[in-house]
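>>> this one's sequence-less:
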């Protein structure tokens, strides 16, 4: 037990150190964590840490998917549903078939084993490339499509994976039956996910206690995921549907205190989970070395290289026709949603990084068939999968920033950000106008004293002065005012601390005042485009 705690603390320290190092190197923390995991796995004397596939698929994956679903806008998800489906379903199926063909004809694997390998390596990971893409300022729609694909592609891949495992284990497979089962799983999981989202919001509203509500929010993705997974589905689509339902219906049902505490709680949980995911991926190298099949190193290298090239090329082959062909066939679509420049589909195609879901699926392959015989090529599939993950994650992850800069798409985000900021400022002033109208109604209805009415109007005016009406109207003054307010807050904190040292206020009083200052500072930093300190 003590050793396990020591290892956990060591891994937490590595996650934190990797984040600092990644910032200094100006690269994605996921890449540094995978490399650090490989280095730790090869360090003599350290115990072997083996990744349990059930831990990834049943414990780690649900909160990651749910958090991404809650963060995703349902309106934007629905608007981009066509490209998301084309990638999350069409591209995954196409890549699976391409890898199966390559594995059969180039590597000599049976067709069923090739399909299993294809289903495992087909779904791209979304965490690593999105972290890089956001930092480099990709256009918002590209980020939304990538994130939407990452939400749903695991469902397609895991369902195909289950079909392939059953076909290999039993020797029986019916395409018609598989298609019907696939459709039933999709419909059933979406319905279940919506039901869980509805139940979660109602239960949290009845609780009316932030800590209880946050506990319920943590239970929600597991309820959405585990039931369909136990019944033979993937659980992914149900969790996505739950997250999107909560995202769309939650703003008016979740109290502000719960939202404020929940944001920081979920940010920390997801940060730690993602860090552990990439670190544990690298740590599996020792397990893979021990399980390496009795195949010459050269043949293993060729198998990894062929599979990696196929998954990269297949994504390019799919993405460009999927982007332009529907618009060529449908004039109404072309008018409603004009074709993007070629740089956009190129970036979508290039971000085909594979991650821990592929590794967990490979580790979860049964050891034996239904008749007790060893599962064919199990260790070979595992080694190939790990090789594809390392080559795409480290290789593409390191090259991606240079590719994005070379394609020159970041400037689009600058103009896009300006439009979004103008819309946000307009919305702020519209909301304040609505609040002012309501305030005037209350003053008249309740016959409020003049001092109270003047105080409320003054507070409203001060809030209005903090926000310019547009990016060209008073931005510099508003920014200067925000920066000055941060200096004032720092002085207030120092004064509070001195009062505490002198015994003039209690710790409880200091914490109440400090919380108000923290909330105001977080609000100011949000307006300035910075993240609040944790």
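Looks like it arrived, so ask away. Note that this is a predicted model, so its numbers are computed, not measured.
>>> And the pLDDT at residue 11?
Residue 11 is assigned 87 on the pLDDT scale.
>>> can you check residue 1 too?
Value for residue 1, per-residue pLDDT: 60.
>>> Pull out the buried positions in the lengthiest helix in the chain.
Counting by DSSP state H, the longest helix found in the chain is helix 410-446. By 16 or more other C-beta atoms under 10 Å, the buried positions in helix 410-446 come out as 412, 413, 422, 425, 428, 432, 436, 439, 443. All C-beta atoms are positioned from the backbone trio N, CA, C, and that covers glycine.
>>> Just put those residues in a markdown table and tack on pLDDT and distance to residue 128.
Shown next, in a markdown table, are the buried residues of helix 410-446 (pLDDT from 0 to 100; distance: C-beta to C-beta, whole Å):
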| residue | pLDDT | distance to residue 128 |
| --- | --- | --- |
| 412 | 73 | 22 |
| 413 | 70 | 19 |
| 422 | 76 | 32 |
| 425 | 75 | 33 |
| 428 | 76 | 34 |
| 432 | 79 | 40 |
| 436 | 81 | 46 |
| 439 | 81 | 48 |
| 443 | 82 | 54 |
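>>> Where in this structure is the helix or strand with the lowest mean pLDDT?
helix 127-136 (a mean of 73; mean pLDDT, DSSP states H and E).
>>> The closest residue to residue 94 other than its chain neighbours: what's it in contact with?
In space, and not counting its chain neighbours, residue 94 is closest to residue 318: 4.9 Å by C-beta to C-beta, 6 or more residues apart in numbering. Residues in contact with residue 318, defined by C-beta atoms under 8 Å, 6 or more residues apart in numbering, are 86, 87, 90, 91, 94, 95, 349.
>>> Same question for residue 65.
Here residue 65 is in contact with 151, 154, 221, 225, 236, 239, 240, 243 (C-beta under 8 Å, 6+ apart).
>>> Repeat that for residue 239.
Residue 239 touches 62, 65, 66, 69, 193, 221, 224, 225, counting by C-beta under 8 Å, 6+ apart.
>>> Over to residue 70?
Listed by C-beta under 8 Å, 6+ apart, the contact partners of residue 70 are 243, 244, 246, 247, 250, 266.
>>> Out of the residues you listed, the closest to residue 145 would be?
For the contacts of residue 70, the residue nearest residue 145 by C-beta to C-beta is residue 244; the value is 15.3 Å.
>>> Neighbour-wise, give me the winner out of the contacts of residue 65.
In terms of neighbours by other C-beta atoms under 10 Å, the contacts of residue 65 top out with residue 239 at 36 neighbours.
>>> phi, psi of it?
phi -70, psi -40 (degrees, to the nearest 10).
>>> ok, now how distant is it from residue 183?
19 Å (C-beta to C-beta, to the nearest Å).
>>> Also residue 515?
Separation of residue 515 from residue 183 (C-beta to C-beta) stands at 51 Å.
>>> The longest helix of the chain packs against which elements?
Here helix 410-446 touches helix 140-170, helix 450-466, going by 3 or more C-beta pairs under 8 Å, 6 or more residues apart in numbering; DSSP states H and E.
>>> Name the next helix or strand downstream of the first one, please.
Spelled out, it's helix 140-170. As assigned by DSSP states H and E, the chain's next helix or strand after helix 140-170 is helix 175-207.
>>> same deal with the shortest one?
Per DSSP H and E, the first helix or strand lying C-terminal to helix 450-466 is helix 475-501.
>>> average pLDDT across that next one?
80.
>>> Over to stretch 109-119?
In this model, stretch 109-119 has a mean pLDDT of 93.
>>> heads up, I number from 81, so please use that
Yep, numbering from 81; the last one is stretch 189-199 now.
>>> can you give me how far that stretch is from the chain middle?
28 Å (C-alpha atoms, centre = their mean, to the nearest Å).
>>> Show me where the stretch 131-280 of the chain dips below the pLDDT cut-off.
253 (pLDDT under 70).
>>> now do the stretch 331-480 of the chain
Those would be 374, if you go by pLDDT under 70 across the stretch 331-480 of the chain.
>>> Okay, strands next: where are they in it?
Assigned by DSSP state E, counting those that start in this stretch, the stretch 331-480 of the chain shows no strands.
>>> For it, just list every one of the helices.
336-363, 365-371, 377-409, 411-416, 423-430, 436-443, 458-470, 477-487 (DSSP state H, counting those that start in this stretch).
>>> So which other helices or strands are in contact with the first one?
Spelled out, it's helix 336-363. Contacts defined by 3+ C-beta pairs under 8 Å, 6+ apart place helix 336-363 against helix 82-105, helix 109-121, helix 141-151, helix 207-216, helix 290-310, helix 436-443.
>>> Return the most buried member of those helices.
Among those, helix 436-443 has the highest mean neighbour count (mean count of other C-beta atoms under 10 Å), at a mean of 26.
>>> That one vs helix 207-216, what angle?
Interaxial angle of helix 436-443 relative to helix 207-216 (axes from the mean of the first three to the mean of the last three C-alpha atoms, to 10 degrees): 170 degrees.
>>> Which residues does helix 436-443 contact?
By C-beta under 8 Å, 6+ apart, the list of residues contacting helix 436-443 from outside reads 131-133, 136-137, 140-141, 199-201, 203, 205, 234, 237-238, 241, 357-358, 360-361, 364, 461-462, 465-466, 468-469.
>>> How about stretch 107-119?
94-95, 97-99, 101-102, 105, 207-208, 211-212, 354-355, 358-365, 470, 473-474, 477-478, 481.
>>> make it 6 Å
Residues from elsewhere that reach stretch 107-119 (C-beta atoms under 6 Å, 6 or more residues apart in numbering): 94, 98-99, 101-102, 208, 211-212, 358-359, 361-363, 365, 473-474, 477.
>>> which ones are touching the residue most central in space within the chain?
Centroid-nearest residue in the chain: residue 148, 4.5 Å away (criterion: C-alpha atoms, centre = their mean). Residue 148 is in contact with residue 231, counting by C-beta under 6 Å, 6+ apart.
>>> Mark which of the contacts of helix 436-443 are buried, thanks.
Here, 16+ other C-beta under 10 Å leaves 131, 133, 136-137, 140-141, 199-201, 203, 205, 234, 237-238, 241, 357-358, 360-361, 364, 461-462, 465-466, 468-469 buried among these.
>>> Can you verify my assumption that residue 308 contacts residue 315?
Yes: shown here, residue 308 and residue 315 form a contact pair, counting by C-beta atoms under 6 Å, at 4.7 Å.
>>> how near is residue 581 to residue 575?
In terms of C-beta to C-beta, residue 581 sits 11 Å off from residue 575.
>>> got it, and residue 200?
Residue 200 is 60 Å from residue 575, by C-beta to C-beta.
>>> Also residue 527?
39 Å.
>>> The two - which one has more neighbours?
Neighbour count, other C-beta under 10 Å: between residue 527 and residue 575, residue 575 has more, with 11 against 8.
>>> Quick check: which ranges of the stretch 481-614 of the chain have low pLDDT?
545-558, 607-614.
>>> The same query, at a cut-off of 80, please.
490-509, 512, 528, 530, 532, 539-564, 600, 602-614 (pLDDT under 80).
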